[in-house]
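> Any chance you could fold what I've pasted below:
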Amino acid sequence: MPTLKLVSDQDFWSQMYRGRHIAVFNHRGRWQAYLDHAHQSRVEFATAEHAVRWLALRVDGPNLQRAA
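Purely as a prediction, here's the structure:
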């Protein structure tokens, strides 16, 4: 799981995770998620941590299915 190190007044965070680019952006108090620079428009999050966890699960999801 990626580690999230946000400064309290920071509205944007990004990182490479397992070869994929993940990012979160605070837009009007709601956190939006980006996977490989594509906005995931169907979801918004109350916290950056929730958005990052969701993105990590999206990246890990195919890997978890293969392991089963």
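> residue nearest the centroid of the protein?
Geometric centre of the chain, nearest residue: V52, 3.2 Å, by C-alpha atoms, centre = their mean.
> for this protein, what spans make up the helices?
48-67 (DSSP state H).
> So which residues of it form strands?
12-17, 20-27, 30-35, 38-39 (DSSP state E).
> closest to T47 out of those?
When the strands of the chain are compared by C-beta to C-beta, strand 30-35 sits nearest T47, at 6.3 Å. (Each C-beta comes from the backbone N, C-alpha and C, glycine too.)
> Check what pLDDT Q10 gets.
Looking at Q10, its pLDDT is 84.
> Apologies, that question was intended for I22.
With respect to pLDDT, I22 has a value of 94.
> From Q10, how far off is the nearest residue to it once chain neighbours are set aside?
Distance criterion C-beta to C-beta, 6 or more residues apart in numbering; nearest residue to I22, sequence neighbours excluded, is L55 at 4.3 Å. Distance, L55 to Q10, using C-beta to C-beta, to the nearest Å: 17 Å.
> When the two are compared, which one has more neighbours?
L55 (24 against 10; other C-beta atoms under 10 Å).
> How many neighbouring residues does H21 have?
For H21, the count of nearby residues is 15 (other C-beta under 10 Å).
> what's the nearest residue to it if we skip its chain neighbours?
The spatially closest residue to H21, leaving aside those adjacent along the chain, is D36, at 5.3 Å (C-beta to C-beta, 6+ apart).
> Need phi/psi at the one you found.
For D36, the backbone dihedrals (degrees, to the nearest 10) come out as phi 50, psi 40.
> Touching, the residue nearest to the centre of the chain and S14? I think so.
No: in terms of C-beta atoms under 8 Å, V52 does not count as a neighbour of S14; the distance is 10.1 Å.
> pLDDT-wise, which helix or strand of the chain ranks last?
Using mean pLDDT, DSSP states H and E, helix 48-67 stands out as the lowest-scoring helix or strand of the chain, at a mean of 82.
> Thanks again, I'm all set now.
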